[in-house]
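Enquirer: Everything below, folded, please.
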Amino acid sequence: MKCTIVIGGVLFASTLAMADCSPTTRVTGAALNSLIIGNTVCATRGSEVWQEQHRSGGQLWDYKKGPGHPIDPSKQVGTWSISRNIVTYCYTGGICYGYTVHGTGSGSYDFCAPNGSVVVSGATFKPGYTSCP
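Expert: Residues are numbered from 1 along each chain as shown. I've put the predicted structure just below:
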C-alpha cells in the first residue's frame, strides 16, 4: 500500500513538473472566449473530478451524473467570468478562484494560479453542455 501511494505521488509530481504556465503558452482574447464560453471543462486533480459547464449568463454547472439522475443530478454550483484573460470561478458559498489557461500543445490545458503555479494539469474542453468521458 505504501508503495502505491509513493508511486502515485511521484506520477502526480512529474505531471506537474511537465506543466507550463509561461506567458508563451497562455490562451488569451478570442481564443480563450471560444475555449470557455458554452463548453464543458473536464479535469481531474487527485481524486477530484470536474465536469463543469460554462453556461450563458455566467452560470457554472456541475454535470455530476446528469440532469435526470435521481440522486446526483446536474446543478448550478456557482458562476464564471473572464476578465483580462483570467477565468474566475466563484462557487456557492462565496469562494472564488482566478486562473490563467495555458495550452499544452496536445489538446489539453493547464489552469495556473496568479503566482504561476499549476493548479490543474491536463484539462480538456468538450463542446456544449455535456458529460466528460
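Enquirer: show me where this structure has strands.
Expert: Counting by DSSP state E, one finds strands in the chain at the ranges 39-45, 48-54, 59-62, 75-83, 86-91, 95-103, 109-112, 118-127.
Enquirer: by how many degrees do the fourth one and strand 48-54 diverge?
Expert: An angle of 70 degrees separates the directions of strand 75-83 and strand 48-54 when computed by axes from the mean of the first three to the mean of the last three C-alpha atoms, to 10 degrees.
Enquirer: May I see the buried residues of strand 75-83?
Expert: Neighbour-count burial for strand 75-83, counted by 16 or more other C-beta atoms under 10 Å, picks out V77, G78, T79, W80, I82. C-betas here are computed from N, CA, C, even on glycine.
Enquirer: so where's this structure shaky on pLDDT?
Expert: Applying pLDDT under 70 to the chain flags the ranges 1-19.
Enquirer: in the sheet, who's paired with C96?
Expert: Applying DSSP bridges to C96 yields these beta-bridge partners: C90.
Enquirer: In contact with it, which residues?
Expert: For C96, the contact set (C-beta atoms under 8 Å, 6 or more residues apart in numbering) comprises T88, Y89, C90.
Enquirer: let's see 10 Å
Expert: With contacts defined as C-beta atoms under 10 Å, 6 or more residues apart in numbering, C96 is in contact with G78, T79, S81, T88, Y89, C90.
Enquirer: Next, find the distance separating the third one from T88.
Expert: With distances defined as C-beta to C-beta, to the nearest Å, the gap from S81 to T88 amounts to 5 Å.
Enquirer: tell me, what's touching the two both at once?
Expert: Overlap of the contact sets of S81 and T88 (by C-beta under 10 Å, 6+ apart) consists of G58, C96, G98.
Enquirer: Can you tell me the number of residues neighbouring T124?
Expert: Summarising burial for T124: neighbours were counted as other C-beta atoms under 10 Å, giving 16.
Enquirer: can you tell me how far it sits from R84?
Expert: Taking C-beta to C-beta as the measure, T124 and R84 are separated by 24 Å.
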